[in-house]
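Q: just to be clear, the model below is a prediction. Sequence and coordinates:
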Amino acid sequence: MIRVLAITGPTASGKTALGVALAQRLNGEVISADSMQIYEGLDIATAKPTKEEMQGVPHHLIGIIPRTERFSVAEYVRLARACIEDIAGRGRLPVMVGGTGLYIDSVLGGMQFAPEPEDPGIREMLTARLAQEGGASLHAQLAALDPEAAAAIHPHNTVRVMRALEVCLRTGKTFTAYKRENAAAPSPYRALYLGLDYADRAVLYDRIDRRVDAMVAAGLVEEAAAARDPAMQTAAAAIGYKELLPYFDGTASLPDCIAKIKQETRRYAKRQLTWFRRNAQIHWLKMYENDEVAKNLEKAEKMIAKTENLWYNG
């Protein structure tokens with residue numbers, strides 16, 4: 001079986017730096033597991049690692065999909081598994097790094113995806129309705145068709161709401177039933193999951209606030225303004241873009257919109273942690289305010305050594 005290291009956790013927890021450090025130490029290459037970093041051009045808002053942050057470590061599945069194209073978890077699984085095979089085939093360690101739990105769980109959990117009937121008109125219709133009626137209307141329709149899926153998907157997550165509705169309308173089945181039919185097969189990987197979390201949640205929130213400030217200084221507002229193309233539904237759903245719309249429309253001040261970005265990012269971090277807590281395979285590394293990359297690397301290496309027999313020998 002192919003060994004895979006997965007590093008996950010909430011946004012701004014330090015996954016990128018730790019992933020690079022471990023890839024350097026373990027002869028690995030990084031596979032991004034971020035549902036927004038995979039799109040081209042969405043750089044600052046999605047905290048794509050810079051060339052300097054990559055430190056020469058090859059990174060895969062970053063900025064490879066046009067912003068105007070739809071992209072599904074099934075497509076991510078196909079691409080990520082191809083990366084894993086390629087990296088392992090060259091004698092290196094695949095290191096999945098990211099905060100999109102659905103992506104990581106689907107790849108490493110052996111999730112299978114049945115073919116769907118093609119009907120691009122449905123996606124176009126839903127996109128038009130989103131622009132005209134707003135996300136609440138689509139979420140209400142999903143609640144009528146599939147209450148279980150609607151309860152699990154936040155109304156503001158229009159990308160997932162549209163995806164669930166699209167499956168319902170394309171297949172004639174509920175999104176919940178569709179997912180059950182695509183149940184996981186035995187995983188072809190021996191995965192070790194490391195999760196980053198902060199002993200004091202206030203420290204994580206402070207890291208989030210400081211990251212948002214750094215994004216604004218790096219040109220987030222200008223990037224968001226350039227992404228206001230109606231065809232870019234993906235950009236419209238990204239935290240850091242939609243919260244700035246009132247500023248562009250002249251209905252809110254820039255400081256208020258930046259405060260909203262921080263608030264929504266903190267809420268997103270809480271949702272991420274809720275998702276990850278359901279995965280009993282994650283070995284959690286407790287982070288503290290003054291921890292540097294070297295300290296986090298030491299913690300990760302101790303955990304890897306502790307689980308070495310399981311990871312290497314199964």
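A: Thanks, I have it.
Q: give me the mean pLDDT for stretch 161-180.
A: The pLDDT scores in stretch 161-180 average 89.
Q: name the SS class of Val30, please.
A: Secondary structure, DSSP: H, G, I helix; E, B strand; the rest coil: Val30 is strand.
Q: where does it land on pLDDT?
A: 98.
Q: ramachandran coordinates for the closest residue to it other than its chain neighbours?
A: The shortest distance from Val30 to any non-neighbouring residue, by C-beta to C-beta, 6 or more residues apart in numbering, is to His59 (4.7 Å). All C-beta spots, glycine's among them, are computed from the backbone N, C-alpha and C. The phi and psi values for His59, taken as degrees, to the nearest 10, are phi -120, psi 140.
Q: number of nearby residues for His59?
A: 22 (other C-beta atoms under 10 Å).
Q: give the contact list for it.
A: Applying C-beta atoms under 8 Å, 6 or more residues apart in numbering, we find His59 in contact with Glu29, Val30, Ile31, Ser32, Pro49.
Q: ok, now how distant is the first one from Thr171?
A: Right, Glu29. As for Glu29, its distance to Thr171 is 36 Å (criterion: C-beta to C-beta, to the nearest Å).
Q: neighbour-wise, which of those two wins?
A: Taking neighbours as other C-beta under 10 Å, Glu29 and Thr171 compare with Glu29 leading, 19 against 16.
Q: leaving out chain neighbours, which residue sits closest to that one?
A: Pro58 is the one closest to Glu29 (C-beta to C-beta, 6+ apart), at 4.3 Å.
Q: coming back round to it: for the contacts of His59, give me a markdown table that also has distance to Val212.
A: Shown next, in a markdown table, are the contacts of His59 (distance: C-beta to C-beta, whole Å):
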| residue | distance to Val212 |
| --- | --- |
| Glu29 | 29 |
| Val30 | 24 |
| Ile31 | 26 |
| Ser32 | 21 |
| Pro49 | 17 |
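Q: quick one: low-confidence residue ranges for the stretch 201-314 of the chain.
A: Applying pLDDT under 70 to the stretch 201-314 of the chain picks out residues 230-236, 310, 312-314.
Q: cutoff 90 now
A: 226-238, 242, 289-291, 306-314 (pLDDT under 90).
Q: same question, the stretch 1-150 of the chain
A: Along the stretch 1-150 of the chain, segments meeting pLDDT under 90 span 1, 41-42, 66-74, 109-124, 127, 131.
Q: swap the cut-off to 70 and go again
A: Filtered on pLDDT under 70, the stretch 1-150 of the chain yields the residue ranges 114-118.
Q: what about the strands in it?
A: Secondary structure of the stretch 1-150 of the chain (DSSP state E, counting those that start in this stretch): strands at 2-8, 28-32, 59-60, 93-97.
Q: quick one: strands adjacent to the shortest one?
A: Think strand 59-60. strand 28-32 (parallel) (DSSP bridges).
Q: picking up where we left off before, out of the strands of the stretch 1-150 of the chain, flag the one nearest Arg70.
A: strand 28-32 (18.4 Å; C-beta to C-beta).
Q: tell me the angle that closest one makes with strand 93-97.
A: Strand 28-32 runs at 30 degrees relative to strand 93-97, counting by axes from the mean of the first three to the mean of the last three C-alpha atoms, to 10 degrees.
Q: helix, strand or coil: sort out the nearest residue to His139 once chain neighbours are set aside for me.
A: Leaving aside its sequence neighbours, His139 sits nearest to Pro155 (C-beta to C-beta, 6+ apart; 4.2 Å). Secondary structure, three-state DSSP: Pro155 is coil.
Q: burial count for Pro155?
A: Counted with other C-beta under 10 Å, the neighbours of Pro155 add up to 15.
Q: same question for the one 3 residues further on.
A: Using other C-beta under 10 Å, the number of residues around Thr158 comes to 23.
Q: measure the closest residue to Ala88 other than its chain neighbours to Glu85 for me?
A: The shortest distance from Ala88 to any non-neighbouring residue, by C-beta to C-beta, 6+ apart, is to Ile2 (4.6 Å). Distance, Ile2 to Glu85, using C-beta to C-beta: 8 Å.
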